[in-house]
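**Student:** okay, sequence plus prediction incoming.
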Amino acid sequence: MEKQTASLHLVSAFLAMEPAGCVISHARSLGGGSVTVDAQRFIWDHCISKAIGKCHAPYLKNFVKKLILEIESNRDDVLDELYELYTEFMTSLKDENAVKGTERALKYISFLFPDDVSCEDAMVRKLVVPLHCSLNMLEGDTGCSIWPASLFLSEFILSFPDMFSSKTCFEVGSGVGLVGICLTHVKASKVILSDGDLSTLSNMKLNLKMNQLSTDDDEPVSSECTDSVKCLHLPWECASESELQGFKPDIILGADVIYDPLCLPHLVRLFSILLDKMNSSLQFPRVGCDSAIGGSHEYSDGCDAQDVVAASDSAGNAGPTEHPMAYISSVIRNADTFGHFLALVDEANLAITDLTRTHQPASLLPYMQSYDRSSMRLFRLSSK
């Protein structure tokens with residue numbers, strides 16, 4: 001069982017283009033402490049040989065180089081295939097570190113469901129999501145990067161499917177579309193994704209099609225495709241109030257949207273319109289208890305364990321409430337920026353609750369060592 005888990009984590013990490021050190025650490029686990037010949041053979045058969053010509057070549061070259069160094073440092077034998085492939089890379093790739101700001105690659109994000117997490121089909125223990133995304137998170141292509149907060153929000157959705165099933169869900173700043181793909185997986189009745197950057201929106205639509213989802217302006221991508229996702233170009237600063245009022249979402253979502261002080265007034269205005277109970281015909285349960293962040297910006301950690309269990313068990317069957325909810329996952333990088341966000345939320349007459357401890361999602365990405373869940377925060381917004 002341990003070897004089966006190690007092999008699953010190794011392949012998942014490789015497909016997600018995790019740093020070479022992460023993939024090699026899983027290879028050590030598979031080999032019982034070192035990258036044995038058997039472990040190398042597994043890597044060659046299940047990872048490298050299938051990736052040649054398909055995987056981002058500089059990533060593959062760097063991984064093979066570090067894998068060989070790891071094996072040689074332990075004075076173990078290296079497979080001839082690894083040496084031969086690296087020799088080919090040395091002659092064909094001049095600069096393994098040359099990554100342009102807008103260069104993109106195909107990554108596969110595998111959500112691995114533990115035995116105690118329900119999924120639609122008991123025989124399906126993983127959800128694999130292919131995504132075209134940027135290789136440079138910080139230079140000019142941020143909307144096409146996979147940010148940790150989107151991974152956390154996706155885990156949250158997959159861990160509490162009844163909260164989103166049969167609901168109309170609207171995401172702001174959708175980026176690569178990962179959250180929207182997870183929403184369709186848990187059978188949200190309608191998924192609306194939005195982004196303010198046209199290039200990001202175009203890449204998002206490509207990702208949706210790769211995951212057998214059609215967009216509202218396209219024909220179905222295959223005869224098996226039945227889910228349609230609406231994609232909007234939505235710059236926050238010029239979003240039309242009348243347009244936003246027409247969507248009437250049950251749930252609004254955002255991942256890592258609290259980052260730029262100059263954008264926050266526009267973001268809070270958008271949330272305020274979408275959460276306006278006078279414009280909603282929502283039939284959705286209020287999850288958790290009512291303790292909220294007040295004007296002093298001292299906040300509650302949500303509710304106790306019994307509240308959480310009851311909420312997650314009955315989310316799809318509870319009676320009507322007055323207004324929709326918004327869920328935001330974020331990393332608080334700057335306390336002043338977050339404080340400014342709280343002040344704007346209070347001025348907009350919105351309530352905010354910290355659900356980080358009470359609604360902790362299952363760990364569905366255990367192989368992803370670059371993903372630090374400990375820094376993630378989860379908040380709920382609603383009208384007061």
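**Tutor:** In hand now; what should we look at?

**Student:** can you give me the distance of the residue of the chain most remote from its centre to residue 242?
**Tutor:** The centre of the chain is farthest from one residue, residue 75, which by CA atoms, centre = their mean lies 39.4 Å away. Residue 75 sits at a distance of 71 Å from residue 242 (criterion: CB to CB, to the nearest Å). All C-beta atoms are positioned from the backbone trio N, CA, C, and that covers glycine.

**Student:** can you pull the contacts of residue 3?
**Tutor:** Residues in contact with residue 3 (CB atoms under 8 Å, 6 or more residues apart in numbering) are residue 30.

**Student:** which residues of the protein score low on pLDDT?
**Tutor:** Scanning the chain for pLDDT under 70 picks out 1, 93-102, 115-124, 136-141, 217-226, 277-322.

**Student:** which residues in it form helices?
**Tutor:** With helices called from DSSP state H, the chain shows them at 2-15, 20-30, 37-43, 49-51, 57-73, 80-92, 148-159, 178-185, 198-210, 241-245, 264-274, 305-314, 335-347.

**Student:** which among those is found nearest to residue 112?
**Tutor:** helix 2-15 (6.8 Å; CB to CB).

**Student:** would you mind naming the residues that bridge with residue 383?
**Tutor:** Legend: beta-bridge partners of residue 383 under DSSP bridges are residue 350.

**Student:** pretty sure it sits against residue 349.
**Tutor:** Yes: counting by CB atoms under 8 Å, residue 383 does reach residue 349; the two are 7.0 Å apart.

**Student:** return the residues in contact with the closest residue to residue 132 other than its chain neighbours.
**Tutor:** The shortest distance from residue 132 to any non-neighbouring residue, by CB to CB, 6 or more residues apart in numbering, is to residue 104 (5.3 Å). With contact taken as CB under 8 Å, 6+ apart, residue 104 is in contact with 132-135, 141, 144, 203.

**Student:** any idea how far the closest residue in space to residue 86 that isn't next to it in sequence is from residue 40?
**Tutor:** Counting by CB to CB, 6+ apart, residue 86 lies nearest to residue 64, which is 5.0 Å off, once chain neighbours are set aside. Taking CB to CB as the measure, residue 64 and residue 40 are separated by 11 Å.

**Student:** residue 378 contacts residue 157, doesn't it?
**Tutor:** No: Residue 378 is not in contact with residue 157 according to CB under 8 Å; the separation is 11.3 Å.

**Student:** ok so, going back, pick the one among the contacts of residue 104 closest to residue 89.
**Tutor:** Using CB to CB, residue 135 comes nearest to residue 89 of the contacts of residue 104, at 17.2 Å.

**Student:** so what's the residue count around that closest one?
**Tutor:** Per other CB atoms under 10 Å, the neighbour tally for residue 135 reads 20.

**Student:** that one touches residue 105, doesn't it?
**Tutor:** Yes: here residue 135 lies in contact with residue 105, judged by CB under 8 Å, at a distance of 5.5 Å.

**Student:** next, the buried residues of stretch 328-335.
**Tutor:** Within stretch 328-335, the residues scored as buried using 16 or more other CB atoms under 10 Å are 328-331.

**Student:** give me the nearest residue to the residue sitting nearest the centre point of the chain, chain neighbours excluded.
**Tutor:** For the chain, the residue nearest the mean C-alpha position is residue 151 (2.8 Å; CA atoms, centre = their mean). Closest residue in space to residue 151, ignoring its immediate chain neighbours: residue 371 at 5.6 Å, by CB to CB, 6+ apart.

**Student:** number of residues surrounding that neighbour?
**Tutor:** When neighbours are counted by other CB under 10 Å, residue 371 comes out with 20.

**Student:** kindly report the same for residue 52.
**Tutor:** Number of residues near residue 52 (other CB under 10 Å) recorded here: 11.

**Student:** intersection of neighbour lists for residue 64 and residue 40?
**Tutor:** The contact sets of residue 64 and residue 40 overlap at residue 82 (CB under 8 Å, 6+ apart).

**Student:** run through the bridge partners of residue 191.
**Tutor:** With DSSP bridges as the rule, residue 191 is bridged to residue 169, residue 229.

**Student:** how many neighbours does it have?
**Tutor:** By the measure other CB under 10 Å, the count of residues near residue 191 is 28.

**Student:** what's near enough to touch it?
**Tutor:** 169, 171, 180, 183-184, 227, 229-230.
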